[in-house]
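1. no sequence for this one, just the structure:
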Ligand SMILES: Nc1ncnc2c1ncn2[C@@H]1O[C@H](COP(=O)(O)OP(=O)(O)OP(=O)(O)O)[C@@H](O)[C@H]1O
Ligand SMILES: [Mg+2]
Ligand SMILES: [Zn+2]
């Protein structure tokens with residue numbers, strides 16, 4: 001065990017003395033950087049102090065350095081849990097380029113590569129081990145790590161959870177394996193944890209702290225504001241118009257950029273369209289093979305193409321400094337997701353554009369995603385039956401690797417959903433998890449109310465809908481875009497009930513506006529008339545009529561149409577010419593009968 005670097009002197013003394021010098025030397029010599037950025041020093045200090053730490057810092061702020069620098073000083077092994085293979089490969093490659101031994105364990109390795117990786121960990125040469133939460137959740141893997149300990153090899157000193165918002169069911173990227181790995185962290189003797197994320201509303205912060213059992217954590221939140229990002233939204237009413245605007249926008253912008261789509265089909269279609277228009281574009285989505293994706297990513301990173309057309313499978317932690325624009329051709333399902341994707345622009349601090357091409361119809365795509373997100377009563381019942389059957393067939397009623405076993409039995413249900421189901425069935429005491437990650441079926445034949453169990457998702461589904469409405473609210477608002485984002489990330493601080501020392505999130509605009517977004521630069525032209533302003537909306541008899549899909553309506557200039565969608569103060573109306581157009585509700589009148 002390498003204990004010589006363990007800290008037992010008071011922090012201040014150490015920081016003032018040799019440690020600070022060593023950190024600075026390492027910053028310069030290993031990473032080639034001159035100074036730490038705001039927030040980094042606080043996080044590093046907290047980690048060096050052996051405290052659990054949660055850092056909420058904007059995309060591109062330099063969160064990786066917050067674990068790399070202290071890990072080199074701490075000695076021992078640092079585990080870095082990362083949700084994406086591409087991300088862990090990218091980060092371990094970069095460390096190796098800087099001359100630091102790092103290993104990434106993932107499903108993309110051949111058997112021989114994996115054996116070599118484990119030998120590297122065993123030999124104590126590797127200071128960093130990158131892995132997925134699924135891998136860390138495996139009991140035999142933790143056993144392997146703990147075995148090393150007994151052999152006198154360096155122990156795990158620090159566990160880093162990158163993209164930690166994935167642990168929260170309220171986050172936009174919930175990954176059940178992030179919850180499953182918690183028992184492994186305990187089994188490893190619960191070393192200090194450093195959780196990193198760019199997007200956490202107070203509710204998500206509270207979830208991270210609770211799930212990771214970070215009782216005396218230091219929370220360092222440097223806010224989300226980045227003054228080099230210019231946000232803008234364009235309201236468009238049909239797909240053709242949107243594609244035309246996309247091409248116009250790309251032609252008018254300089255540098256490289258990303259175009260985000262919500263679906264694989266749209267990603268492919270837009271890619272073809274851009275290439276046909278003579279734009280050097282690559283594409284990236286989850287349906288492509290791993291080698292195709294790597295080739296596309298490399299081309300983009302090395303500036304061999306100008307535009308990357310991608311689904312949200314692309315981008316988490318992608319560290320390309322000079323992305324000059326991120327255009328959302330379809331909106332994502334939440335402002336967290338939007339901010340994280342848009343925030344990949346301008347990491348070098350130079351001006352960058354974040355543009356949303358908004359069509360109200362895209363709401364339906366998101367609603368479709370939402371409808372399949374949570375398991376219903378029927379899925380729960382099928383899984384419970386399958387588990388009982390598997391348990392009966394197995395020795396001592398124990399099912400090893402339950403997710404794999406279930407997926408083989410019920411291939412039509414996605415792996416992520418199965419993980420969620422297992423968590424629910426565990427809560428319902430239909431199964432019990434053994435210390436080794438297997439499960440045993442508990443009750444046989446006792447009737448359970450699956451409808452009631454499925455109800456637990458009702459609140460989450462309602463939350464998802466609300467979050468989607470906030471995204472739409474952003475798109476349709478006439479307010480400063482940054483103001484909306486800051487307010488969103490600040491909201492409900494009390495509701496989060498944080499019982500930890502939290503450096504509160506600063507409001508960098510001090511309640512003001514950014515002066516750079518589309519709404520600040522050219523305020524919306526559709527303003528209420530002075531008479532309307534004097535007339536409170538709630539005046540009886542003056543209230544704006546609420547529309548419902550299917551209502552027959554009349555709009556000046558366009559004539560008669562039918563309401564397709566209602567969202568906030570906007571109404572989408574379809575017309576006999578086949579077009580759907582969006583209006584502010586009060587400009588829409590009931591059809592003359
Ligand atoms: N103190 C610093 N001075 C200069 N550059 C830095 C500093 N710290 C980090 N960087 C650089 O900033 C870039 C972004 O860092 P990093 O990938 O860690 O961001 P991140 O906060 O993890 O973002 P994301 O949320 O997208 O994952 C990297 O190229 C890194 O080298
Ligand atoms: Mg990162
Ligand atoms: Zn603004």
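-> Received, thanks. Quantities reported herein were computed from a predicted structural model and do not represent experimental measurements. Ligands and ions are numbered 1, 2, ... in the order given.
2. Could you identify the longest strand within this protein?
-> strand 559-567 (DSSP state E).
3. What lies in contact with whichever strand or helix holds residue 91?
-> Assigned by DSSP states H and E, residue 91 belongs to helix 85-97. Identification of contacts with helix 85-97 by C-beta atoms under 8 Å, 6 or more residues apart in numbering yields 64, 68, 80, 82, 101-104, 106-108, 128, 130-132, 162-163, 293-294, 297, 316-319. The C-beta positions use only the backbone N, C-alpha and C, and glycine is treated the same way.
4. follow-up on the earlier one: would you pull up how far the longest strand of the chain lies from the middle of the chain?
-> Taking C-alpha atoms, centre = their mean, to the nearest Å, one finds the center of strand 559-567 at 34 Å from the center of the full chain.
5. for the longest helix anywhere in the chain, packing partners?
-> In the chain, with assignment by DSSP state H, the single longest helix is helix 450-476. Counting contacts by 3 or more C-beta pairs under 8 Å, 6 or more residues apart in numbering; DSSP states H and E, the secondary-structure elements packed against helix 450-476 are strand 229-235, helix 335-342, strand 352-358, helix 362-371, helix 377-393, helix 481-490, strand 559-567.
6. please redo it, this time with the cut-off set to 7 Å
-> Here helix 450-476 touches helix 335-342, helix 362-371, helix 377-393, helix 481-490, going by 3 or more C-beta pairs under 7 Å, 6 or more residues apart in numbering; DSSP states H and E.
7. so how far is residue 71 from residue 100?
-> Going from residue 100 to residue 71 by C-beta to C-beta, to the nearest Å gives 9 Å.
8. any idea how far ligand 3 is from the residue of the stretch 1-150 of the chain found nearest ligand 1?
-> Residue of the stretch 1-150 of the chain nearest ligand 1, by C-beta to the nearest ligand atom: residue 62 (2.7 Å). Between residue 62 and ligand 3 the distance is 25 Å, computed by C-beta to the ion, to the nearest Å.
9. My guess is that residue contacts residue 41. True?
-> No: with contact defined as C-beta atoms under 7 Å, residue 62 does not reach residue 41; the gap is 11.0 Å.
10. Find the residues that touch each one of residue 100 and residue 71.
-> With contacts defined as C-beta atoms under 7 Å, 6 or more residues apart in numbering, the residues adjacent to both residue 100 and residue 71 are 127, 128.
11. what about those two, which has more around it?
-> For the pair residue 100 and residue 71, the greater number of neighbours falls to residue 71 (24 against 18), based on other C-beta atoms under 10 Å.
12. how about that one, phi and psi?
-> Its backbone dihedrals place residue 71 at phi -60, psi -40, with angles given as degrees, to the nearest 10.
13. residues in contact with it?
-> Contact partners of residue 71, counting by C-beta under 7 Å, 6+ apart, are 78, 127, 128, 158.
14. now do 10 Å
-> Under the criterion of C-beta atoms under 10 Å, 6 or more residues apart in numbering, the contact partners of residue 71 comprise 47, 77-80, 95, 100, 102, 127-128, 157-158, 160, 194.
15. Helix, strand, or coil at the residue of the stretch 51-200 of the chain found nearest ligand 3?
-> Taking C-beta to the ion as the measure, the stretch 51-200 of the chain has residue 58 as its residue closest to ligand 3, at 16.8 Å. The three-state label for residue 58, taken from DSSP: H, G, I helix; E, B strand; the rest coil, comes out as coil.
16. Now do the domain split for this structure, please.
-> Segmentation of the chain into domains, based on automatic domain parsing, reads 2-221, 229-368+461-521, 372-457, 530-590.
17. Please convert these to a markdown table, extending it with mean pLDDT.
-> Formatted as a markdown table, the entries for the domains of the chain read as follows, by pLDDT from 0 to 100:
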| stretch | mean pLDDT |
| --- | --- |
| domain 2-221 | 84 |
| domain 229-368+461-521 | 89 |
| domain 372-457 | 83 |
| domain 530-590 | 71 |
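18. In space, what's closest to the most centrally placed residue in the chain - neighbours in sequence excluded?
-> By C-alpha atoms, centre = their mean, the mean C-alpha position of the chain lies nearest to residue 173, the distance being 4.5 Å. Nearest residue to residue 173 in three dimensions, chain neighbours excluded: residue 166, at 4.8 Å (C-beta to C-beta, 6 or more residues apart in numbering).
19. and the one you found, helix, strand or coil?
-> Look at residue 166: counting by three-state DSSP, its state is helix.
20. I'd guessed it sits against residue 196; true?
-> No: in this structure residue 166 lies outside contact range of residue 196 using C-beta atoms under 10 Å: 11.0 Å.
21. how long is stretch 311-326 end to end?
-> Chord length of stretch 311-326, first to last residue, is 12 Å (C-alpha to C-alpha, to the nearest Å).
22. and of the helices and strands packed on helix 450-476, who's closest to ligand 3?
-> Taking C-beta to the ion as the measure, those were each checked against ligand 3, and helix 481-490 came out nearest at 5.0 Å.
23. That closest one to strand 352-358, inter-axis angle?
-> Put simply, helix 481-490 runs at 80 degrees to strand 352-358, going by axes from the mean of the first three to the mean of the last three C-alpha atoms, to 10 degrees.
24. and the helix or strand encompassing residue 54, is it in reach of ligand 1?
-> Assessed by DSSP H and E, residue 54 sits inside strand 53-56. No: for strand 53-56, no contact with ligand 1 is found by C-beta under 6 Å from any ligand atom; the gap never falls below 8.7 Å.
25. helices or strands up against that strand?
-> Secondary-structure packing of strand 53-56 (3 or more C-beta pairs under 10 Å, 6 or more residues apart in numbering; DSSP states H and E): helix 40-48, helix 63-74, strand 156-161, strand 193-197, helix 202-211, strand 218-221, strand 501-503.
26. sorry, back to before: would you convert the helices and strands packed on helix 450-476 into JSON lines that also reports distance to ligand 3 and mean neighbour count?
-> As requested, the helices and strands packed on helix 450-476 are exported to JSON lines (distance: least, C-beta to the ion, whole Å; neighbours: other C-beta atoms under 10 Å):
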{"stretch": "helix 335-342", "distance to ligand 3": "14", "mean neighbour count": "24"}
{"stretch": "helix 362-371", "distance to ligand 3": "23", "mean neighbour count": "16"}
{"stretch": "helix 377-393", "distance to ligand 3": "44", "mean neighbour count": "17"}
{"stretch": "helix 481-490", "distance to ligand 3": "5", "mean neighbour count": "21"}
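27. Would you mind telling me which of the ones you listed is nearest residue 468?
-> Across the helices and strands packed on helix 450-476, residue 468 has its closest neighbour in helix 362-371 (5.4 Å, C-beta to C-beta).
28. can you give me the offset of the closest one from its chain's centre?
-> When distances are taken as C-alpha atoms, centre = their mean, helix 362-371 is centred 18 Å away from the chain's centroid.
29. what's the burial count for residue 514?
-> Counted with other C-beta under 10 Å, the burial measure for residue 514 works out to 21 neighbours.
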